[in-house]
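[1] Please find the sequence and the predicted model below.
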Amino acid sequence: MPPVWFTKCSDELASQLTISLTSGKKESAQTPLRIGINGDVYGGMKAPVEVGTRRVDIAYVNPSAMVTMAYRGKGYYKQKMALRVLGSFPSWDRIAIVVARELGVKSLHDIARRKIPLRVSTRFSGVDNATYYTISTILSFYGLSFDKIQRWGGQVQECPRPFAPERLRGIAQRSLNAVFDEGVSTVGGWLDQALENDYEILSLEPEIVKKLEQMGYSKAVLPKSRYRQLKEDVLTIDFSGWSLVTHRWLANRMAYAAVETIDERKRMIPVDDDQPLNMRNLCRSTEKCSLQIPLHPGALKYYKEKGYL
């Protein structure tokens, strides 16, 4: 294993990992590498900015759509970031807009038109959370916001994670009549429980999805083959993938060595997937991780040399 030093970088739950990598036995020189982990600074929506401004060399970003958005300079990101990808780890996920069937709505447009005071559960705000940002953006395209819902007499429950106990209780007790979130891949998870308790998933309109695609998101469906309560696939956006992102200035040999290290230790690396880590899936776009920005040339060289591309 390469030598590792942990250095405190922030008192706001952020840290920095400094690591030296070598490319095989023939490469004797060691170069420091800054990897951002955890917290509000080195994580979440800010991670691509930290990489793009070269404060950090590598960051692990979920979902991969955030990397695409930063690369294009859209949405949250006010300018294009010179980002490259070392690899994107698969993790199937989708955004789900779920409402109680008793509301009798078929679109978020209905909620806006009727000014329904929802009792809705979503993710934490104010921490540059990609989920909250994404859902707030979707709502804005319908003329909705969480503030408006509260002004209409509704309530907004903010949860730290999709499976928060207070959410699951709210679904079971029907004290909630809407849930807007991701984290839908787990069998028996919050979405399965909601569908079992007479909630339904709203489709996003194609024109809304197109606006989201222009930002960097990808069109996806919640498939009826996965959710037996559905009569048809439900149109939504992808929220998959953990991209290992860097900047275009990273030395080719460093990028090569990083991917080589992953390959050598792939059996030891835990992944958010039901399949073992497959290097072929790290370097190409799949339904579990959309890859829409260029691979770093050093990483590309490794994948090609090993026959993964």
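    Good, I have the coordinates.
[2] Quickly list the domain ranges of this protein.
    As given by automatic domain parsing, the domain ranges for the chain are 4-91+240-305, 96-237.
[3] and those domains as TSV, adding mean pLDDT?
    Shown next, in TSV, are the domains of the chain (pLDDT from 0 to 100):
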stretch	mean pLDDT
domain 4-91+240-305	80
domain 96-237	96
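[4] Please render those domains as TSV that adds mean neighbour count to the earlier fields.
    Quick note: C-beta positions are derived from backbone N, CA and C, even for glycine. Below are the domains of the chain laid out as TSV (neighbours: other CB atoms under 10 Å):
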stretch	mean neighbour count
domain 4-91+240-305	19
domain 96-237	18
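[5] where does the nearest residue to R72 once chain neighbours are set aside sit relative to K74, distance-wise?
    Spatial nearest neighbour of R72, excluding adjacent residues (CB to CB, 6 or more residues apart in numbering): G216 at 5.6 Å. Distance, G216 to K74, using CB to CB, to the nearest Å: 6 Å.
[6] Tell me where the protein has helices.
    47-52, 64-72, 108-114, 130-141, 146-151, 165-173, 190-196, 206-215, 252-264, 279-282, 297-305 (DSSP state H).
[7] got a list of what A96 touches?
    When contacts are counted by CB atoms under 8 Å, 6 or more residues apart in numbering, A96 touches V179, F180, D181, E182, V184, L191, I201, L222, T236.
[8] Distance check, A220 against S203.
    12 Å.
[9] Now do the shared contacts for these two.
    Joint contacts of A220 and S203 (CB under 8 Å, 6+ apart) are T236.
[10] For C289, which of the helices of the chain is the nearest?
    Among the helices of the chain, the nearest to C289 by CB to CB is helix 64-72 (5.4 Å).
[11] Point out the other helices and strands that the closest one packs with.
    Helices and strands touching helix 64-72, by 3 or more CB pairs under 8 Å, 6 or more residues apart in numbering; DSSP states H and E, are helix 47-52, strand 83-89, strand 242-247.
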